[in-house]
Each structure stands twice: as C-alpha cells, then as structure tokens.
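S.K.: What follows is a predicted structure for the sequence shown.
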Amino acid sequence: MKRFCLYFCLLPVALLTACASAPKTQYYTLSSASKHTQALDSAPFAISVAPVAVPEKVDRPQIVLSDAGGTQVNLLNNSQWAAPLAEEVRAALALDLSRRLGVLELALRDAPKTLPLWVIHLTVQRFDSIYGDRAVLEATWRQTPRHGLQGKAVVCSAAVTVPVEAGVPALVEGHQQALARLAALMADTLSNRAPAVVEGTVLKGCA
C-alpha cells in the first residue's frame, strides 16, 4: 500500500518535470514594420490582395527547412507560423503594398463600386528555407483593374533570393526581406515605373 501511494504521489511531480523540460514553441510572423509609407489622402485607386496560393509542402503550421539539393525537408515542430502560411504571405504583402503605394487595401466584397481597384492574385511557386544559407521566393501574380480603373490585366513573375545567417529568426527575416522586394516589384508595375535593380531579385517578365 505504501508503495502504491508513493507511486501516485510522485506521478504529478514527474509529469510537471516533463512539461517543464519540454521545448517551448516559438511563433513567427512574416509581417514587419515597413519604412515605405505614403499618404493615403490622394490615392487614385485601392488594392485588394486575394487569398494566396502556396506550395503544399510548406503549407503547414511548422516552418519547413529545405536542403540545398532540394530533395529533403524537415519540419520544425517548435518553430511555427503565427497564422497559416498562405495568410501570413497575403497579410505581409498587402500591408507592404498599401504602405508603398499610399493606398487602401480592401477585401473585394468591401470595396465600393465607385472606387477604382486593382485586384491582385499571387501564386507562390517556391518558398524555400535553407538554414544558414538563403531564403528563396518565386512567385507569379496577376493584377486586374476593376470598377472602371484604367489599365489592362497583367501577369508577372519574379524570383528573389536573400542570404541568411544561422538561426530561425534570421531565416524568417530573410523571408520578410524577400516579400518586401516582391512588394517593391509589384508596386512598380502597378505604378508603371521601371523596377529598381536589386541583387538577388529578378523580374522574369510581365505579359
């Protein structure tokens, strides 16, 4: 009986010790403070960034590491996205575009019919996280004028590579920079500006 009681007395202690020693899950977001903020009072249009498509292999709560050869992936159970990756990409891109262009970003259903609008659909082909090496983003987007906005529908494609140091925070920051560079390209095409030349960033073309 004493041995039986001792077992049940020690069991909660063992469970608490196990919980205390378990690694704590860290959560990361792709949204970051932008330095590119323009006034919103005279914007000639608004934007609406539609839900984003991401590759299935990285569409997980965990941050997914790729090897340099691209044949193996590893899931970081203790390093996860704060929201589904597709929404993290959409939210970060929408925020950055809104600030760069000085325009409102609205859901299509909420946009007044009298407000000229660019609707943007983004498909991510690559979202590779190579630990201590680089963050890679390849994507195609379609920008379509709505509500009487002057312009034509355009499809563009770009690739961005950002070198990163060791550490998950550095890797996440690399993806933030990659999305910021993509947003800069998108802002240039929406504004009919020639894109700036940035090392590691390639605008493959628009049609």
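M.R.: In hand now; what should we look at? Numbers count the residues shown, from 1 in each chain.
S.K.: how near is residue 75 to residue 58?
M.R.: 10 Å (C-beta to C-beta, to the nearest Å). C-beta here means a position set from N, CA and C on the backbone, and glycine is covered the same way.
S.K.: joint contacts of the two?
M.R.: Between them, residue 75 and residue 58 share these contacting residues under C-beta atoms under 8 Å, 6 or more residues apart in numbering: residue 64.
S.K.: Counting neighbours, what do you get for the residue lying closest to residue 193 once chain neighbours are set aside?
M.R.: In this structure, residue 193 finds its nearest non-sequential neighbour in residue 187, 7.9 Å apart by C-beta to C-beta, 6 or more residues apart in numbering. Residue 187: 22 surrounding residues under other C-beta atoms under 10 Å.
S.K.: Now for residue 187: which residues touch it?
M.R.: 97, 100-101, 193.
S.K.: which parts of stretch 161-181 are buried?
M.R.: Across stretch 161-181, burial judged by 16 or more other C-beta atoms under 10 Å covers 161-162, 164, 168, 171-181.
S.K.: again, but for stretch 144-161
M.R.: Buried-residue list, stretch 144-161, by 16+ other C-beta under 10 Å: 144-147, 156-161.
S.K.: Show me which pair in these is furthest apart.
M.R.: Taking C-beta to C-beta, the two most distant members of these are 147 and 161; they sit 36.3 Å apart.
S.K.: From residue 203, how far out is the most centrally placed residue in the chain?
M.R.: Using C-alpha atoms, centre = their mean, the residue of the chain that lies closest to the mean C-alpha position is residue 89, 2.5 Å off. Between residue 89 and residue 203 the computed distance is 18 Å (C-beta to C-beta).
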